[in-house]
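> Test case, fold it:
(one chain, ligands or ions: 1)
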Amino acid sequence: MVNKKMANYPKTIAIDGPAASGKSSIGQELADELGYLFLDTGLMYRAVTWAALNQNIEISNEKRVNEIAQQIKINIRPPSVKDDRQFDVFVDEQDVTWLIRGQMVNNNVSQVSAYAGVRKAMTIQQRIFGERGKIVMVGRDIGTVVLPDADLKIYLEASVEERARRRYKEIVEHGGSETYQEILDSMKRRDEIDSQRSLAPLKPAKDAIIISTDGKDRGQVIKEIYHFIKA
Ligand code: CDP
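Prediction:
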């Protein structure tokens, strides 16, 4: 994949979209093929939520949650354990890679992510990554807020039922016990909060390319994105 033509490829690629739209796996594969850095910003919001819950802080206590976001040391590194993880995620010295995927975090992360102090602290860190260039960054507000000058902006979408089916399959494969209905309900709730919040809501940037992933496998979507990378 790496050749001279790459000199003209976009250096910063923003991928946004709702839960389980395929952002993380597609973003990671693209970054690997292009030899770019990859940052999944959802992990950072999940880590803040986990830390607040772990310290028994009321999620409705915005001031305390904002303080956690300012103090927390989140470390995202290549995987050190072969258990299907895309990354190691550490909060301080604790490996929280799977803990941040738990139901309690799912149910609270959108409330945490709506707080101005949390968003400010995370956005500062994300932009520092972005400044390095040659990066694929995925999230909800990358093309609109974090990297508004990204060279290529992709917005992935799919029906909530299809996304819940994908997430259900992943959870079952990892021994989880949530039902399809629970996942669907929680995803609908998150979509609603994420897209209705006043700060950095989930929405495509004006100059984003919108790709529907309904009924498509990862390879098909990546092929479509390559078309725009090479254009
Ligand atoms: O993996 P999944 O698509 O379920 O979610 P995620 O990307 O890990 O993001 C978890 C939550 O973090 C989202 O529901 C948003 O509330 C929040 N988030 C955000 O507000 N801004 C981002 N750039 C990324 C995630």
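> Can you give me the neighbour number for residue 22?
24 (other CB atoms under 10 Å). For the C-beta atoms, the positions are set from N, CA and C on the backbone; glycine is no exception.
> Remind me which helix or strand the nearest residue to residue 164 once chain neighbours are set aside belongs to.
In this structure, residue 164 finds its nearest non-sequential neighbour in residue 184, 4.0 Å apart by CB to CB, 6 or more residues apart in numbering. Assigned by DSSP states H and E, residue 184 belongs to helix 180-196.
> Please save the CA atoms from that helix in PDB.
This file holds the C-alpha atoms of helix 180-196, laid out as PDB (Å, rounded to 0.1, in the frame of the first residue of the first chain):
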ATOM      1  CA  TYR A 180     -29.900  -7.600  22.300                       C
ATOM      2  CA  GLN A 181     -32.700  -5.500  23.700                       C
ATOM      3  CA  GLU A 182     -30.600  -4.000  26.500                       C
ATOM      4  CA  ILE A 183     -27.900  -3.100  24.000                       C
ATOM      5  CA  LEU A 184     -30.400  -1.600  21.600                       C
ATOM      6  CA  ASP A 185     -32.000   0.500  24.300                       C
ATOM      7  CA  SER A 186     -28.700   1.800  25.700                       C
ATOM      8  CA  MET A 187     -27.500   2.600  22.200                       C
ATOM      9  CA  LYS A 188     -30.600   4.600  21.400                       C
ATOM     10  CA  ARG A 189     -30.200   6.500  24.700                       C
ATOM     11  CA  ARG A 190     -26.600   7.300  23.900                       C
ATOM     12  CA  ASP A 191     -27.300   8.300  20.400                       C
ATOM     13  CA  GLU A 192     -30.000  10.700  21.600                       C
ATOM     14  CA  ILE A 193     -27.800  12.400  24.300                       C
ATOM     15  CA  ASP A 194     -24.800  12.500  22.000                       C
ATOM     16  CA  SER A 195     -26.700  14.200  19.200                       C
ATOM     17  CA  GLN A 196     -28.800  16.500  21.300                       C
END
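> That helix - contacts with which helices or strands?
Contacts defined by 3 or more CB pairs under 8 Å, 6 or more residues apart in numbering; DSSP states H and E place helix 180-196 against helix 103-113, helix 160-173.
> and among those, the most buried is which?
Counting by mean count of other CB atoms under 10 Å, helix 103-113 has the highest mean neighbour count of these, with a mean of 20.
> centre of the chain versus stretch 105-113, how much separation?
Relative to the chain's own centre, stretch 105-113 is displaced by 13 Å; criterion: CA atoms, centre = their mean, to the nearest Å.
> typo on my end, stretch 190-199
Its chain's C-alpha centre and that of stretch 190-199 lie 15 Å apart, by CA atoms, centre = their mean.
> what about that stretch and the ligand, touching?
Yes. Contact between stretch 190-199 and the ligand, assessed by CB under 6 Å from any ligand atom, occurs at 190, 194.
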